[in-house]
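Undergrad: give me a 3D structure for the following:
(2 chains)
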Amino acid sequence: MNTSSRRSVAIVGAMTLSLIAAACGSDAKTATTPVPGAATTVPAGTAVDYKALKGKLVSSGATFPKSFYDEAIANLATAAPGLTVEYGGGGSGKGRSDLQEQVVDFAGTDGIVKTEDVAKFKGGQFVYVPTVLAPITISYNLKGVSKLQLSPATLAAIFQLQITKWSDPLIAADNPGVTLPGTAIVVARRSDGSGTTENFTKFLKAAVGPDAGGTWKLASGSTVEWPAGTQAGDGNSGVAQIVTSTDGAIGYVDLSDAKANKLTFAAVKNKAGKFVLPTLEATSAAANGTKINDDLTFFVGWADGDASYPIAAQTWIIASAKQADPVKAENIRGFLTYLLTEGQKLAPSVDYAPLPDDLRQKAIANIAKIGS
Amino acid sequence: MALSIADLRTKKQFADRLFRGTTLAGGAAILVILTLIAWTVTDKSSLVFKSEGLNFFTERRFAPSATPAVYGALSFIFGTAVTALLAIIIAVPISLGLALFTTHVAPGWLKRPLVALTDVVAVVPSVVFGLWGIIYLAPKLVGPFQTVSGWFHGVPVLGSLFGQVSAGRTFMTAGLILAVMITPIITSITREVIETCPEADQDGALALGATRWEMIRGAVMPHSIGGIVGAVMLGLGRAMGETIAAALVIGSSPALTANLFSSGDSLPSVIALQWGEATSDVKRSALIAMGLTLFLMTLVVNFAATAVVSRSMKRMQGVS
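TA: Coordinates of the predicted model:
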């Protein structure tokens, strides 16, 4: 990080502190009404004196938000020199079992813990805090075609290998006026268990699954039974590599890897019937069109709204509501507050979409449930 | 007088006890470790056996996200066996040839660099082989695979073994990469074993008028066969357990097919790739059960190897 952005973080930090100080003047304990204004404002009552935080937090989990967390942790080191945060990655499954066994202070997860597994958590009840969103692109490599539109039904047909040529009438119907070559379609998908696969298949299930009267038969999950003949790549970069090196290839790749590999991506038809490109704005817009449950679990894909991009991933940090150590509780609250205030401004620089303000305020309110 | 006889004896006894203690600890440690591994793996995999029973070994589908979820290991067991066998079929003749070439055929000036080179290849980390396979070898193999597939099109057996080529990442690709990986190991051990063959036996065979090949068959082979089989089994074990190289080039599409040009999957590969996002207890348990399966497979191979070695040694030595 360069010096000027570090300085600006410090300035905003100072501004936040003064805002909080002002709020504390009234009734800091009970006030929960959000302070309107810039995206860095915090509801009164969640005052965090970063300089006072001392100690170490250990965590693991989802790899999808890792580069965002790493960026935020690096920046937090300036604001809170006494606090060390380690985020080990390892996947949502590892994060959840680590938190279940209480070997980490909090965990990152891209999915929701199954109801039957909740009771197994040794730390008791835990709290979901959504942190960031990101679009999943439909990246393709097709000579002579730089603009492509795809509807969920077409995507289902492509990824189930029901259509095999790019010139198929189904694809042509989505792309009036575009000349499509007869190149064979090569489907690239993940070889490893992945939250990206889970969110992509969840989108297909919601949009064109059996319940929606559609043709998607592979259900949803971090691993699905892809038909034989699809190409498997390890990680987003593995899928990106197949797409880059194969004419006629198509795959689902998260935005940052798609950008890093200079992939071309398609506009996807959303629930409102509009073709939308995978941008950070369209992803935040999707969150606005998403039904948020009381415990702040939600699925941001296939959301309402004209501007919503339909295939996106969300991620949470989960932490036990009741912490044995009050200092640890304060550190966790401090780190999470940072993620949802200053951290949100860092998100776009690493290709993640910040939470829309409404959801962000709810998330901040959930942090307060972590206590001792 | 510096030391009395009694002094010497106590000293000796102490050294003796130390020696016995150390060897005993070493022997016990290996047993304890093995027991612990076997116990943990069995214990942690019990969940999947409760839900799937022994069908786990015979079910070809692995579908953790289907309703109801299906956990079968057959496709992965098959993939592990097929790729390891392919690797052995390719690597053994090359290794034996290379070993005999360095010991009996190569001129003196070529011998040293050849030995050094094989040993260098033996220590290349497997991930490097995997990366070379995925970046260079897999894309280059599509063409040759298609040619071979074309030759055998319509031919019974061979036609189904060398069927349609789906991509560069296949059972055959994995088998080739594994073969490259285990060739130096088998070669090195085989060479060392052959070199221990008594000079007198070989000279004797030549003096009786044997050709070089007859000498190798009659004098070198009977002497070395046990060690060679051991080397091959070591290679087989490594091929079966190889994780990262296989994960990169096998294609990760569980398949039960005679077609060697089809993408597949193997036990170590699926464990490595699926572990991170295994969010349900049963799926985790299924992956541990695959580890257990692999463990059992290697045990079987090892026991079989011991049996083969002792039998073949008797037979070969009896002949000579």
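
Undergrad: now do the nearest residue to residue A:211 once chain neighbours are set aside against residue B:305, distance only.
TA: Closest residue to residue A:211 apart from its sequence neighbours, by Cβ to Cβ, 6 or more residues apart in numbering or on different chains: residue A:205 at 7.8 Å. All C-beta atoms are positioned from the backbone trio N, CA, C, and that covers glycine. In this view, residue A:205 and residue B:305 are 48 Å apart by Cβ to Cβ, to the nearest Å.

Undergrad: out of those two, which sits in the more crowded spot?
TA: Using other Cβ atoms under 10 Å in any protein chain shown, the more surrounded residue of residue A:205 and residue B:305 is residue A:205, with 25 against 17.

Undergrad: for the more buried one, give me its contacts.
TA: A:211-212, A:216, A:219-220 (Cβ atoms under 8 Å, 6 or more residues apart in numbering or on different chains).

Undergrad: swap the cut-off to 10 Å and go again
TA: A:152, A:156, A:211-212, A:214, A:216-221, A:224, A:301-302, B:65 (Cβ atoms under 10 Å, 6 or more residues apart in numbering or on different chains).

Undergrad: among these, which one has the most neighbours?
TA: Ranking the contacts of residue A:205 using other Cβ under 10 Å puts residue A:301 first, with 29 neighbours.

Undergrad: tell me the SS of that one?
TA: Recorded secondary structure, residue A:301: coil (DSSP: H, G, I helix; E, B strand; the rest coil).

Undergrad: ok, and the closest non-adjacent residue to it?
TA: Looking at residue A:301 with Cβ to Cβ, 6+ apart, the closest residue is residue A:203, at 3.9 Å.

Undergrad: and for residue A:138?
TA: Nearest non-adjacent residue to residue A:138 (Cβ to Cβ, 6+ apart): residue A:266, at 4.5 Å.

Undergrad: pretty sure the one you found sits against residue A:135.
TA: No. If you go by Cβ atoms under 10 Å, residue A:266 and residue A:135 don't touch, sitting 11.9 Å apart.

Undergrad: the two: which is more packed in?
TA: Taking neighbours as other Cβ under 10 Å, residue A:266 and residue A:135 compare with residue A:135 leading, 32 against 23.

Undergrad: next helix or strand past the helix or strand containing that one?
TA: Taking DSSP states H and E as the definition, residue A:135 sits inside strand A:126-141. Moving toward the C-terminus from strand A:126-141, the first helix or strand encountered (DSSP H and E) is strand A:149-150.

Undergrad: related to what we said a few turns ago, check what pLDDT the residue nearest to residue A:211 gets.
TA: We have a pLDDT of 96 for residue A:205.

Undergrad: doesn't it lie inside a strand?
TA: No. Counting by three-state DSSP, residue A:205 is not part of a strand but helix.

Undergrad: helix, strand or coil: sort out the closest residue to chain A within the stretch 201-320 of chain B for me.
TA: Closest to chain A within the stretch 201-320 of chain B is residue B:276: 2.6 Å, counting by Cβ to the nearest Cβ. The three-state assignment at residue B:276 reads coil, by three-state DSSP.

Undergrad: can you pull the contacts of it?
TA: A:61-63, A:89-95, A:192-195, A:222.

Undergrad: those: which ones sit near chain B?
TA: Near chain B, taking Cβ under 10 Å from any Cβ of the partner chain as the test, the members of the contacts of residue B:276 found are A:61-63, A:89-95, A:192-195, A:222.

Undergrad: what mean pLDDT does stretch B:72-90 have?
TA: 95.

Undergrad: what is the burial count for residue B:18?
TA: 10.

Undergrad: same question for residue B:148.
TA: Residue B:148: 18 neighbours (other Cβ under 10 Å).

Undergrad: on the pLDDT front, check residue B:308 for me.
TA: So, for residue B:308, pLDDT stands at 77.

Undergrad: that one contacts residue B:233, correct?
TA: Yes. If you go by Cβ under 10 Å, residue B:308 and residue B:233 touch, sitting 8.0 Å apart.

Undergrad: hang on, the earlier thing: and of the ones next to chain B among the contacts of residue B:276, the nearest to residue B:169?
TA: residue A:192 (14.2 Å; Cβ to Cβ).

Undergrad: which SSE is the most centrally placed residue in chain B in?
TA: Nearest residue to the geometric centre of chain B (Cα atoms, centre = their mean): residue B:236, 2.2 Å. Using DSSP H and E, residue B:236 sits within helix B:221-241.

Undergrad: now for that helix, which elements pack on it?
TA: Contacts defined by 3 or more Cβ pairs under 10 Å, 6 or more residues apart in numbering or on different chains; DSSP states H and E place helix B:221-241 against helix B:74-100, helix B:171-195, helix B:199-207, helix B:244-249, helix B:267-274, helix B:281-319.

Undergrad: what about the second one, distance to the chain center?
TA: Pointing back at helix B:171-195 there. 9 Å (Cα atoms, centre = their mean, to the nearest Å).

Undergrad: how about it: buried residues?
TA: B:171-191, B:193-194 (16 or more other Cβ atoms under 10 Å in any protein chain shown).

Undergrad: the third one too?
TA: For helix B:199-207, the neighbour count (16+ other Cβ under 10 Å) marks B:201-202, B:205 as buried.

Undergrad: and of those, the nearest to residue B:157?
TA: Among these, and counting by Cβ to Cβ, the member closest to residue B:157 is residue B:205, at 40.3 Å.
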